[in-house]
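Q: Give me coordinates for this.
(2 chains)
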There are 2 protein chains.
Amino acid sequence: MRTTNYLLSTQKEAPSDAVIASHQLMLRAGMIRKLASGLYTWLPTGLRVLRKVERIVREEMERAGSVEISMPVVQPADLWQESGRWDKFGGELLRIKDRHNRDFVLGPTHEEVITELVRKEVNSYKQLPLNLFQIQTKFRDETRPRFGVMRTREFIMKDAYTFHLDQECLEKTYQTMFDAYCRIFDRLGLEYRAVIADTGSIGGSASHEFHVLAQSGEDAIVFSDQSDYAANIEKAEALAPQVELAAATAEMELVDTPNAKTIAELVSEHNIAIEKTVKTLIVKASEESESDLIALIIRGDHELNEIKAENLPEVASPLTFAHESEIRDLVKAGPGSLGPVSLPMPFIVDRSVAVMSDFSAGANVDNKHYFNINWNRDVELGQIADLRNVVEGDLSPCGKGTLSIARGIEVGHIFQLGDTYAQAMNAAVLNQQGKNQVMTMGCYGVGISRIVAAAIEQSNDKNGIIWNDVIAPFSVVIVPMNMKKSHRVADLAEQYYAELQAAGIEVLLDDRKERPGIMFADAELIGIPHTLVIGDRSIDNGVIEYKNRASGEKEEVKIEEAIAFIKAKLA
Amino acid sequence: MRTTNYLLSTQKEAPSDAVIASHQLMLRAGMIRKLASGLYTWLPTGLRVLRKVERIVREEMERAGSVEISMPVVQPADLWQESGRWDKFGGELLRIKDRHNRDFVLGPTHEEVITELVRKEVNSYKQLPLNLFQIQTKFRDETRPRFGVMRTREFIMKDAYTFHLDQECLEKTYQTMFDAYCRIFDRLGLEYRAVIADTGSIGGSASHEFHVLAQSGEDAIVFSDQSDYAANIEKAEALAPQVELAAATAEMELVDTPNAKTIAELVSEHNIAIEKTVKTLIVKASEESESDLIALIIRGDHELNEIKAENLPEVASPLTFAHESEIRDLVKAGPGSLGPVSLPMPFIVDRSVAVMSDFSAGANVDNKHYFNINWNRDVELGQIADLRNVVEGDLSPCGKGTLSIARGIEVGHIFQLGDTYAQAMNAAVLNQQGKNQVMTMGCYGVGISRIVAAAIEQSNDKNGIIWNDVIAPFSVVIVPMNMKKSHRVADLAEQYYAELQAAGIEVLLDDRKERPGIMFADAELIGIPHTLVIGDRSIDNGVIEYKNRASGEKEEVKIEEAIAFIKAKLA
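A: Next up is the predicted model:
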């Protein structure tokens, strides 16, 4: 490719709403352009990377025995009504009407469509297992699209679906797909972790997410320092502390705390250790509960895990925090002064809270706290549950080692769906006994466009992106200095260009009438791994200059050896 | 690929609403499945063909210097308002609202989005010409989707857009793209014609369509028997007959014609030559006309060309036929009794009508016609225009030869847009003189998914599809007879399968426990070009059987020579 025949579109500055490196660099390197909120055009440089990611994903899917199909973006609403997700899926599901006023959705995922297809095409266990995938445009109407292509409304996803006669067969294929995912991220050269995950709105029994590790990641992932255990923090169990409940050492005391609306203020104003405080959070109770509201009590330095809370039978799903007015109607105190003593509603305490003694909590009277509360002496302990996010140093739930926490970008998610969709949509086959048996399903997603951004998050410097050879938009850039005036430079540049192309190497010839500094800056910004600099002076010495983007190393290479040198680098 | 790991999904029968061969065969061969009206899932066999078409189109676009990008499916309405097409584009433009109630469209085409992109990225003539393309999902909300993937709502299109400083540069690139299109359809092995076309809702000055010739084609295309002239019938000029207006031979006569509501009835009831009759069609007049309605008069055996009529300044666009009630308000007669004599509205006569003498037409009184009407004696001739479709044997508008008519399937359409969009959206660059100059544009579409259907229309027989080697879903199918019982058959089938795969040849191994007849029928239905039949009996003779799908020829090939034989066939 010649730069003059290309849409390079590099920029010196990124707009101020681009806050993470990949978003800034994808704009600056001319990879993407925003059309509207959450809608991006992929420019040539971005698309070249996207297609390489796509190809690796496709190859590994095929190697895992998955067969490619392509389903429509626009899906009829009746299938979503049949699965029950027409009502359950939130505002991210864009519901539209066609010219005949019929309801459709822009597909955020394709469980319904694939189940509709397979229930019609497959009727015998002999046709199972079946493993189908597509790589296709999806749409989720995000409330707040952000971080460039990391969280967009329209995006490219690989989604695979598998169909089985039973759970045992599903588990076998699930492992095959798990392994394929590992190969994908290995080949892409990404540092990643597979973690145990919550199944969320997709549903099902078991699930793993694949996270690219990056400081800017929206997810916290935890792993043991002594085992393979790794999980999304949403899903990581916080074990009960391995300590006994200590005996009380002081009487419970009602204290005026007019300046302690928050835990931080309570701790600093009254010189209490934060581990001796608790937070009392009021949420809606589930229908099976006798109360409208229920309190969740966690230690002052811990965070509520909303997924765990929502999954408790006593708590309404989705998790809904009570308004202050609802709390005041019942408790006669505001959210800053709540606690378990004399609380007129049921409460559940976190495992860590259950082993606390001599602790402080709101007195359910505005501007007052109790100090030195002790369970069973001052208030009944009652129900205990795992309510909090794990923290660094917690014991690993696997029993081995302690937990570390890292930030991750979710780039893949696989699910053992079981019969969730097949049951609702009556997708059954005749089994070996000639009886109808509902199929067991798995589904497996990869965020193709997000991978491009995640790879940049993991590999960039102050000058721009640093691609590896596998997904770089071009392998080599030729930078001829003063090409327009020097025939020798122009001839050698053209010769290299032709030879590299003939060797099947993707090369960009920067044939613009630009100053060398601009050409170098663009090459570094775009992140092309290998640069060949051709100048009159070095030709005099029989050499050209090679630059490596990742290491920054420069090397003089004999003119006649340059192509072999590059081939060796790419081998 | 092994059949048991594949979704073959062949069917004996096609549903009754599939009326053309490609629709029937794509369903029967398991290439597509209907999800909803105009929405199809591409099954593995269909997608394999689609991807091959896509690859050839991509390669030829790149060879023509076009650079690939990818624009969103969902487009903000404001760009369509800016170009003026938000109002002009009909119901095929699906207008949707997002969760924030903002207006968007599902892109039927991307002129607005690309113009928005280029006006921001390009500011100097030095960056021109620019040639960008994408291969992407598009949506048109067809009133009546039909013929399978031939006319769907969601489809895959290659659309390219070029930007130039002036018309001369556009014309040069237009020719480059025209040539690329010819290479695409040549490589695909299709019988096609490039024809002069109307620019329709896309707009612009010059335009060509590429049609695959097929009886089922929705378009009529015309060409000269003595020159290169070829045009869509919409666009083909009907020259004025090279005859003088003959003198009248009889007096005009008012005749009772109670049983002649149509031309056919008039001709048969009153024994008149159809060439001596005219049809009077009443349409809405344009705003610049003094009348609300205007009459268009063509010969009884001719068809109105609606595009030509609509393009007349006196006629409202889009062409709108008057309701009977509107006609009766003015004329006091129904549509079956209209004619030029004493017609209380302006009329335009077709060139062929202007040279008629002693002809018959309605008398503008119900159940009455005038016979032996003569221009200027009985009624003023007035305005003449080209109003009709050409017919076989007409003189070619190029001046050489006469016209033939064939049916075509439009698979490509290229346009010299000029400044239609660039002007409306203010897409300008600085020219050599440092002044702002609006860019000149071209656009170039290929219906990727429609090509698959068109190829089938052109090549099938009673047993199924006949693919050429270039776009066949598989090059070779191995049909082992009694594989489950004969180790020799199974071993040889596996050996061939491995060897063909190793040679990079796309091969399907039919490893089902099916009767040979079923496997042969499926292979023919799907249309795989080359079949290798492996059976115990032929192994005894040291041979296997080769079958050619296109020619139907069978040949015995020595076991050890089979792979080389296939390689030679595919070379």
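Q: For the rest of this, base every contact and every neighbour count on C-alpha atoms.
A: Fine.
Q: Across the sheet, point out what pairs with the residue lying closest to residue A:345 once chain neighbours are set aside.
A: Distances taken as CA to CA, 6 or more residues apart in numbering or on different chains place residue A:294 nearest to residue A:345, at 6.0 Å, with adjacent residues excluded. Beta-bridge partners of residue A:294, counted by DSSP bridges, are residue A:283.
Q: what's the answer for the one 10 residues further on, then?
A: Partner residues in beta bridges with residue A:304: residue A:388, with DSSP bridges as the criterion.
Q: Quick check: the gap between the residue of the stretch 301-450 of chain A found nearest chain B and residue A:150.
A: Going by CA to the nearest CA, chain B is nearest to residue A:449 of the stretch 301-450 of chain A, at 11.8 Å. Per CA to CA, to the nearest Å, residue A:449 is found 8 Å from residue A:150.
Q: again with residue A:400
A: Residue A:400 sits 34 Å away from residue A:150, taking CA to CA as the criterion.
Q: who has more neighbours, the two?
A: residue A:150 (25 against 14; other CA atoms under 10 Å in any protein chain shown).
Q: Tell me the spatial nearest neighbour of the more buried one, not counting adjacent residues.
A: Residue A:150 sits nearest to residue A:450 (CA to CA, 6+ apart), 5.0 Å away.
Q: any idea where the helices of the stretch 1-150 of chain A begin and end?
A: A:21-28, A:44-63, A:77-83, A:85-88, A:111-121 (DSSP state H, counting those that start in this stretch).
Q: hmm, who's touching the third one?
A: In this structure, residues lying in contact with helix A:77-83 by CA atoms under 8 Å, 6 or more residues apart in numbering or on different chains are A:86, A:87, A:103, A:104, A:105, A:112, A:113, A:116, A:421, A:424, A:425.
Q: Quick one: neighbours of the first one, just the number.
A: Translated: residue A:86. Burial of residue A:86 is recorded as 16 neighbouring residues (other CA under 10 Å).
Q: can you pull the contacts of it?
A: By CA under 8 Å, 6+ apart, the contact list for residue A:86 reads A:77, A:80.
Q: And for the second one?
A: Taking CA under 8 Å, 6+ apart as the contact definition, residue A:87 lies against residue A:81.
Q: And the pLDDT at it?
A: Per-residue confidence (pLDDT) for residue A:87: 90.
Q: go on, the fifth one?
A: As summarised for this prediction, residue A:105 has a pLDDT of 97.
Q: show me the contacts for it.
A: Residues near residue A:105 by CA under 8 Å, 6+ apart: A:74, A:75, A:76, A:77, A:93, A:94, A:95, A:96.
Q: My read is that residue A:352 contacts residue A:298, right?
A: Yes - between residue A:352 and residue A:298 there is a contact at 7.4 Å, judged by CA atoms under 8 Å.
Q: Identify the bridge partners of residue A:476.
A: Bridge pairing for residue A:476 - DSSP bridges - gives residue A:507, residue A:530.
Q: gap between residue A:217 and residue A:178?
A: 22 Å.
Q: Wait, residue A:113 touches residue A:70, no?
A: No - Residue A:113 lies out of contact with residue A:70 (CA under 8 Å); the separation is 10.7 Å.
Q: Of the helices of the stretch 1-150 of chain A, flag the one that's most buried.
A: Among these, helix A:21-28 has the highest mean neighbour count (mean count of other CA atoms under 10 Å in any protein chain shown), at a mean of 25.
Q: Just the CA atoms of it, as PDB, please.
A: Output of helix A:21-28 as PDB, limited to C-alpha atoms (Å, rounded to 0.1, in the frame of the first residue of the first chain):
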ATOM      1  CA  ALA A  21      -5.000   5.100  25.800                       C
ATOM      2  CA  SER A  22      -6.700   2.800  23.300                       C
ATOM      3  CA  HIS A  23      -9.400   5.300  22.500                       C
ATOM      4  CA  GLN A  24      -7.000   8.100  22.100                       C
ATOM      5  CA  LEU A  25      -4.500   6.100  20.000                       C
ATOM      6  CA  MET A  26      -7.200   4.500  17.800                       C
ATOM      7  CA  LEU A  27      -8.400   8.000  16.900                       C
ATOM      8  CA  ARG A  28      -4.900   9.500  16.600                       C
END
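Q: For the residue nearest the centre of chain A, give me its contacts.
A: Nearest residue to the geometric centre of chain A (CA atoms, centre = their mean): residue A:410, 1.9 Å. Taking CA under 8 Å, 6+ apart, we find residue A:410 in contact with A:209, A:210, A:211, A:212, A:217, A:219.
Q: for residue A:178, same thing?
A: Each residue near residue A:178 by CA under 8 Å, 6+ apart is listed here: residue A:414.
Q: Helix, strand, or coil at it?
A: helix (DSSP: H, G, I helix; E, B strand; the rest coil).
Q: try residue A:561
A: Of the three states, residue A:561 takes helix under three-state DSSP.
Q: so what's it up against?
A: With CA under 8 Å, 6+ apart, residue A:561 has no contacts at all.
Q: And for residue A:279, the neighbour number?
A: Using other CA under 10 Å, residue A:279 is surrounded by 28 other residues.
Q: What's the separation between it and residue A:317?
A: Computed as CA to CA, the residue A:279 to residue A:317 distance reads 21 Å.
Q: okay, now the closest residue to residue A:335 other than its chain neighbours: neighbour count?
A: Distances taken as CA to CA, 6+ apart place residue A:324 nearest to residue A:335, at 6.6 Å, with adjacent residues excluded. Taking other CA under 10 Å as the neighbour definition, residue A:324 ends up with a count of 12.
Q: relative to helix A:111-121, how tilted is the lengthiest strand in chain A?
A: Using DSSP state E, we find that the single longest strand of chain A is strand A:403-418. If you take axes from the mean of the first three to the mean of the last three CA atoms, to 10 degrees, strand A:403-418 sits at 30 degrees to helix A:111-121.
Q: Spell out which residues of the stretch 451-571 of chain A are next to chain B.
A: Within reach of chain B by CA under 8 Å from any CA of the partner chain, the stretch 451-571 of chain A has no residues at all.
Q: Show me where the stretch 451-571 of chain A has its helices.
A: A:487-502, A:516-526, A:536-540, A:562-570.
Q: The stretch 151-300 of chain A too?
A: So, for the stretch 151-300 of chain A - with DSSP H, counting those that start in this stretch - the helices run A:167-187, A:263-270.
Q: any idea which of those is most buried?
A: helix A:167-187 (a mean of 18).
Q: any idea where the strands of the stretch 151-300 of chain A begin and end?
A: Using DSSP state E, counting those that start in this stretch, the strands of the stretch 151-300 of chain A run over residues A:154-164, A:192-196, A:206-213, A:219-224, A:230-232, A:253-256, A:278-284, A:293-299.
Q: Off-centre distance for the fifth one?
A: Read that as strand A:230-232. 12 Å (CA atoms, centre = their mean, to the nearest Å).
Q: Same question for the second one.
A: Centroid displacement of strand A:192-196 relative to its chain, using CA atoms, centre = their mean, is 11 Å.
Q: Now it: average pLDDT?
A: For strand A:192-196, the per-residue pLDDT averages 94.
Q: worst average pLDDT in the helices of the stretch 1-150 of chain A?
A: Taking the mean pLDDT of the helices of the stretch 1-150 of chain A, helix A:85-88 comes last: a mean of 92.
Q: Export that helix to PDB, keeping only CA atoms.
A: As requested, C-alpha coordinates have been extracted for helix A:85-88 and formatted as PDB (Å, rounded to 0.1, in the frame of the first residue of the first chain):
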ATOM      1  CA  ARG A  85     -36.300 -12.100  27.000                       C
ATOM      2  CA  TRP A  86     -38.500  -9.500  25.200                       C
ATOM      3  CA  ASP A  87     -39.700  -8.500  28.700                       C
ATOM      4  CA  LYS A  88     -36.600  -9.400  30.700                       C
END
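Q: any idea how far the residue nearest to residue A:57 when sequence neighbours are not counted lies from residue A:54?
A: Using CA to CA, 6+ apart and skipping the chain neighbours, the partner closest in space to residue A:57 is residue A:184 (6.0 Å). Residue A:184 sits 10 Å away from residue A:54, taking CA to CA as the criterion.
Q: I am finished for the moment; much appreciated.
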